[in-house]
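Trainee: Please work out how this folds:
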Amino acid sequence: FPSHDIALGFIYSAYAEQGVQSQEPFPERGYQPLSQKALSGFNAPGGIKVADRWEWFSSASFLYWLAQEDGLDLAISSSLIDGQVTVPASSRTLFQSQEYKPGFCVALGVDTAHDDWGVALEYTWFHQTTHTSSHAPEQPTGIGVWFLSNWFIQPNGDGQTLSVTQLKSEWNLKMDILDLTLSRAFYQGRFLIFRPFAGLSSGWIHQSLHLEGLSPLLSDSWVSARTHSDSWFIGPSLGLEGQWLLGAGFRIESEVGGGILYTRYPEVKHKEDPTVSNGIPVKAEYKRYCTTRGRAECGLGIGWGTYFNRNRMAVDLLAQYDFLIYWNQNSMRSLVDLSTFQAGEAWGNLYVQGLSVTLRFDY
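Mentor: Presented below is the predicted three-dimensional model:
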C-alpha cells in the first residue's frame, strides 16, 4: 500500500554523531537561498534529505492482516424430519472462519532532485487460507442438520437445498498487488506535512471456496463443491498522506486513498459432485467477464526516524493499522446464486484490515 513504501522520516536529531552535530533537517539543506526569494505560495519540501542529490530508498513491511468478505455464509441450523428440512424459529448461521494471517510488502523508490518529486514501486503479497469445520447443532425434533446456503446447485431428492450433518470448508485468498506512485511531500505549517500521491495500481486476486458435507439423505455419503474466481485489474489511484511531527524524530501518520480499477475475470467456475443428476457433471461458469471496480484504503500509525553516518543515510520505522476495501469481489457467490435461482445476489465486497510494520532506509 502506497504509504508504506514512502513512509517519510521527519527527524529532529537529538544527539551528535562521531563528534559532529547534525544539521537542522528543516528547512531542507539546499533550499535556504530559495526560501528567501520564493513566493509565499511555494511549499517547502518535507521529505528526508540525505547527502546525495538523488536519494534512493527501500523498505520492507511485515503485514498481519485479516481478510473478510460479504457472502461467505455457509449454512443455517435446521431440523430434518421425514426427509424434509425445517428451519426452526431459533436458528444459527454458520460463516466461514476469519483469521489474521501474515504477509509482506517491499518497495524501491527515488526522491529526485527535480523539486523533490518521488517515484516508488511497491509489491504487496498477502495469501491466506482459513478452515471451518462444524457438526450441526442438535434439534428438539428430528435430526440436526446444516441447511446449505446455496453453495450447491443440485437440490436433494425432495427439491430442497442440500443439508448435511457435518460441514467442512476451506477458503483460499491470494492477493498480489503492484503500485507505482508519484508524490511530493511538503510543509503545511511548522509541524504538519502533507504528501499527495497519484499513480497506477494493478494486481491479481484469486480465491476459492471448497465445501464438503455428510449428507444423511444420501446414505451418509460425503458430497463436495468447489468454486473459484480469478481476476486481474489495473487503474489509476490517488490519495493524501498527513504527518504531524511530535519532536525527537516521532510523528503521527495518517493516509487515505482510492482508485478506479478496470477488472477482468478470465474465469469464475463452480463444480460439484453429482448427487441427484444421474451422474451428469454439475458445472457453471462466468467466462471472460469485464467490469469496473472501486478500491479504497486508509490507515493510522506512529513512526520514528533519524539520520546517521553524518547525514548520509536515514532510517525510519512506522507501525500502522490499515484498512482496505475492494468492492464487488465475491463473484463466486453471485455465480452459484444465479445458477440456483436465476437471480444473482449482489457481489460482496472484500475487506482487509490489520497491522503493518515498515522499516525504511534512505541512502
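Trainee: Quick check: residue 156 touching residue 148?
Mentor: No. Using Cβ atoms under 8 Å, residue 156 is not in contact with residue 148, being 10.0 Å away. Where you see a C-beta, it was placed from the backbone N, CA and C, and this is true even at glycine.
Trainee: what sits in contact with each of these two?
Mentor: Both residue 156 and residue 148 are contacted by 162, 163, under the criterion Cβ atoms under 8 Å, 6 or more residues apart in numbering.
Trainee: Please identify which of those two sits among more neighbours.
Mentor: The neighbour comparison of residue 156 against residue 148 (other Cβ atoms under 10 Å) goes to residue 148, with 26 against 21.
Trainee: so how far is residue 248 from that one?
Mentor: 58 Å (Cβ to Cβ, to the nearest Å).
Trainee: How far away from the center of its chain is stretch 294-314?
Mentor: Centroid separation for stretch 294-314 versus its chain: 20 Å, with Cα atoms, centre = their mean, to the nearest Å.
Trainee: Let's test this: mean pLDDT of that stretch, rounded?
Mentor: For stretch 294-314, the mean per-residue pLDDT is 91.
Trainee: Next: stretch 61-70.
Mentor: 97.
Trainee: Next: stretch 90-98.
Mentor: Predicted confidence along stretch 90-98 averages 93 (mean pLDDT).
Trainee: okay, how far is it across it, tip to tip?
Mentor: 24 Å (Cα to Cα, to the nearest Å).
Trainee: residues making contact with it?
Mentor: 66-68, 72-78, 130-132, 134, 137, 146, 167, 169, 171, 209.
Trainee: how about a cut-off of 10 Å?
Mentor: 66-69, 71-79, 128, 130-134, 136-137, 139, 146-149, 167, 169-171, 209, 211, 351 (Cβ atoms under 10 Å, 6 or more residues apart in numbering).
Trainee: Which residues are in contact with residue 289?
Mentor: 229, 231, 263, 264, 265, 266, 267, 268, 331, 335.
Trainee: Am I right that it is in a strand?
Mentor: Yes. Residue 289: assigned to a strand according to DSSP: H, G, I helix; E, B strand; the rest coil.
Trainee: For residue 138, see how far away it is.
Mentor: Distance from residue 289 to residue 138, by Cβ to Cβ: 43 Å.
Trainee: In what element of secondary structure is residue 176 found?
Mentor: strand 166-183 (DSSP states H and E).
Trainee: ok, then the element right after that strand?
Mentor: Assigned by DSSP H and E, the successor of strand 166-183 is strand 186-187.
Trainee: what is the mean pLDDT for that following strand?
Mentor: Mean per-residue pLDDT for strand 186-187: 89.
Trainee: who does it touch, helix- and strand-wise?
Mentor: Helices and strands touching strand 186-187, as assessed by 3 or more Cβ pairs under 10 Å, 6 or more residues apart in numbering; DSSP states H and E, comprise strand 192-215.
Trainee: got the angle for the helix or strand that the strand it packs on is followed by vs strand 166-183?
Mentor: Next along the chain after strand 192-215, taking DSSP H and E as the criterion, comes strand 221-247. Computed by axes from the mean of the first three to the mean of the last three Cα atoms, to 10 degrees, the angle separating strand 221-247 from strand 166-183 equals 30 degrees.
Trainee: If you count contacts, what does the helix or strand following strand 221-247 end up packed against?
Mentor: Per DSSP H and E, the first helix or strand lying C-terminal to strand 221-247 is strand 250-272. Packing partners of strand 250-272 (3+ Cβ pairs under 10 Å, 6+ apart): helix 2-5, strand 166-183, strand 192-215, strand 221-247, strand 282-308, strand 313-330, helix 331-341.
Trainee: which of the ones you listed sits most buried?
Mentor: Comparing the helices and strands packed on strand 250-272 by mean neighbour count (mean count of other Cβ atoms under 10 Å), helix 2-5 ranks first with a mean of 28.
Trainee: and that helix, average pLDDT?
Mentor: 42.
Trainee: do the same with stretch 258-277
Mentor: Mean predicted confidence for stretch 258-277 is 88.
Trainee: CA atoms only for it, dumped as CSV, please.
Mentor: C-alpha atoms of stretch 258-277 as CSV (Å, rounded to 0.1, in the frame of the first residue of the first chain):
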residue,chain,number,x,y,z
GLY,A,258,-8.5,5.1,-3.5
GLY,A,259,-8.8,4.2,-7.2
ILE,A,260,-10.9,3.0,-10.1
LEU,A,261,-9.9,-0.3,-11.5
TYR,A,262,-10.6,-1.9,-14.8
THR,A,263,-11.2,-5.6,-13.7
ARG,A,264,-11.3,-8.7,-15.8
TYR,A,265,-12.4,-12.1,-14.6
PRO,A,266,-10.8,-14.7,-17.0
GLU,A,267,-12.5,-17.5,-15.2
VAL,A,268,-15.1,-18.0,-12.5
LYS,A,269,-16.1,-21.6,-12.1
HIS,A,270,-18.2,-23.9,-10.0
LYS,A,271,-18.2,-27.7,-9.9
GLU,A,272,-19.8,-30.2,-7.6
ASP,A,273,-20.2,-33.9,-7.1
PRO,A,274,-23.2,-35.4,-8.9
THR,A,275,-25.9,-36.3,-6.3
VAL,A,276,-29.4,-36.4,-7.9
SER,A,277,-28.2,-35.7,-11.5
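Trainee: Okay, buried residues for it please.
Mentor: 258, 259, 261, 263, 265, 268, 269, 270, 272, 273, 275 (16 or more other Cβ atoms under 10 Å).
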